[in-house]
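In: how does the following fold in three dimensions:
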Amino acid sequence: MARLRSFQRLAAHFVDIADFLLVYIEEAHPSDGWVSSDAAYNIPKHQCLQDRLRAAQLMREGAPDCPLAVDTMDNASSAAYGAYFERLYVIQEEKVMYQGGRGPEGYKISELRTWLDQYKTRLQSPSTVVIQV
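Out: Predicted structure coming up:
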C-alpha cells in the first residue's frame, strides 16, 4: 500500500506533463502459492479474469485517482514489458523512454521522480535554434 501511495503522490505531482496508468498483472505471492511473509492481502492465484478483476479492485483502493488496467489471463502485458512482479515505465509515442528495475528491489519511485523532473526541465527550457546563412 505504501508503494501505491507513493505512486499516487508522484502522479499527482506530474499530472501536468504525464498520464499515469496502473496495470494489474498476475499476483506475485498468491495465498495458495508462494506466500510472502509481508503480504498485505490474502489473494489466491487467479483462475479466471473475474478473479483478477476482483483482486485489481484492491489496487484501485490504494490509488483511486489513477486509471487502472488489468492484464489478460495469458499475462500478455507482463510478458511484453518484463513487468513481473512490479515495474515502472515511461512510454512516449510507442517507445519505452524509461524502464525501472524489476520489483520489488528495483522498484524505485525516487528514480522515476528524477527522470520526470529532468523531463519537465527539458520541456520548460526554451530550445535554441541556430540558423547559419
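
In: what about I25, neighbour count?
Out: Residues lying near I25 (other C-beta atoms under 10 Å) number 23. The C-beta positions use only the backbone N, C-alpha and C, and glycine is treated the same way.

In: dump the residue contacts of it.
Out: Applying C-beta atoms under 8 Å, 6 or more residues apart in numbering, we find I25 in contact with 71, 75, 77-78, 83-85.

In: in PyMOL, how would I select the buried members of the residues you listed?
Out: Buried members of these, defined by 16 or more other C-beta atoms under 10 Å, are picked up in PyMOL with:
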select buried, resi 71+77+78+83
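
In: from the contacts of I25, which is closest to M97?
Out: A83 (15.9 Å; C-beta to C-beta).

In: just the pLDDT at the closest one, thanks.
Out: The per-residue pLDDT reported for A83 equals 80.

In: longest helix of this structure, counting residues only.
Out: helix 109-124 (DSSP state H).

In: which helices and strands sit right next to that helix?
Out: Packing partners of helix 109-124 (3 or more C-beta pairs under 8 Å, 6 or more residues apart in numbering; DSSP states H and E): helix 2-13, strand 89-92.

In: got TSV for the contacts of I25, with distance to E93 and secondary structure too?
Out: Formatted as TSV, the contacts of I25 follow (distance: C-beta to C-beta, whole Å; DSSP: H, G, I helix; E, B strand; the rest coil):
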residue	distance to E93	secondary structure
D71	22	coil
N75	25	coil
S77	19	helix
S78	22	helix
A83	20	coil
Y84	25	coil
F85	27	coil
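
In: tell me which two in the contacts of I25 are the farthest apart.
Out: Greatest spatial distance in those: S77 and F85, 12.9 Å, computed using C-beta to C-beta.
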